[in-house]
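[1] Got a sequence here, can you model it:
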Amino acid sequence: MSKNSNIAKLVIYFLGLFILSSCGIQRKTQYLQVKNNSKSEYTNNAAQQDYKLKPKDALFIQISSLDDATATISSNSSATNYPMDPYGASLLSHTIDKEGYLELPVIGKLNVKDKTIGEVTSIIKESLRNVLNQPMVSVKLVNRFVSVLGEVKTPGHFVFSEEKITIFDALGLAGDVTDYGNLKNVILVRNEQDINKRIELNLLSSEILSSPYYFLKPGDIIYVKARKSKFWGFREFPFGTILSAITTTVLVLSYTRNN
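    So this is what the prediction gives:
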């Protein structure tokens, strides 16, 4: 058997390894994979759940009416004169105390723990019916933020204004996962009832779309772990480079033999 024939077989062998490696890389880096192509709809009950307020939440409250007495009830009545960035809104916000009460001038203390923004809006509006003429109330949650850490392009603390964001929205704010990110084992840290919960999420599977943790809550922390390949100093084994070197060697040997 000729030397060139052996080298050709070696090239074919490494070509096969390269193809298999490419398939493996794709499986490790592709979001929302499915075992079969038949399923395309995922029900998520968490999408119907509104955020429930807890102690230390900050609320921006704006009250207006046909009366001039509005200013005595809410210091935020002139908030339109301020730039409404997150910091500006926080300066004009009301914080829920550790017992879950919100204290407002004239109205007094309101128990808002485990209430939604819509419920708090209705409570404040009802409390003002005997004080103001046709009161109008707007309530916004100020402390809407998530933290994204680990193997993402721009880790950090991100403020959002939407009512709900998904884990993919959060990763998008952080510039997406790097080539080293382990999508199969993404850690979500969530504080509920003063208890920190650690949840492992698999973003490679489409089943995440029906997970109760698909939609994030204010204060959530996302941590993307690194894949083992990072500790070897390269993203994946360099089959492409090796194959290119072997192919070049075969061409040089073939040229030398023929000449």
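[2] now the strands for the stretch 51-200 of the chain?
    For the stretch 51-200 of the chain, the strands defined by DSSP state E, counting those that start in this stretch cover 58-64, 94-95, 101-104, 108-111, 136-141, 145-150, 156-159, 165-166, 181-192, 195-201.
[3] low-confidence ranges in the protein?
    Low-confidence segments of the chain, defined by pLDDT under 70, are located at 1-29, 37-38, 67-91, 229-259.
[4] all helices of it, in order?
    For the chain, applying DSSP state H gives helices covering 3-29, 86-91, 117-127, 167-173, 239-258.
[5] coming back round to it: the strands of the stretch 51-200 of the chain: which one's closest to Ile208?
    With Cβ to Cβ, the closest approach to Ile208 among the strands of the stretch 51-200 of the chain belongs to strand 195-201: 6.2 Å. Quick note: C-beta positions are derived from backbone N, CA and C, even for glycine.
[6] Output the contacting helices and strands for that closest one.
    Packed against strand 195-201 by the contact rule (3 or more Cβ pairs under 8 Å, 6 or more residues apart in numbering; DSSP states H and E) you find strand 181-192.
[7] Could you pull out the buried residues of the strand it packs on?
    If you call a residue buried by 16 or more other Cβ atoms under 10 Å, then strand 181-192 has these buried ones: Gly181, Asn182, Leu183, Val186, Ile187, Leu188.
[8] Next up, the contacts around the residue nearest to the fourth one when sequence neighbours are not counted.
    Translated: Val186. Once flanking residues are discounted, Val186 sits nearest to Leu201: 4.7 Å by Cβ to Cβ, 6 or more residues apart in numbering. By Cβ atoms under 8 Å, 6 or more residues apart in numbering, the contact set of Leu201 is Ile167, Asn185, Val186, Ile187, Leu188, Ile208, Ser211, Tyr213.
[9] Out of those, which is nearest to Asp97?
    Once Cβ to Cβ is applied, the member of the contacts of Leu201 that ends up nearest Asp97 is Leu188, at 27.7 Å.
[10] in stretch 199-210, what counts as buried?
    Leu201, Leu203, Leu204, Ser205, Ser206, Ile208, Leu209.
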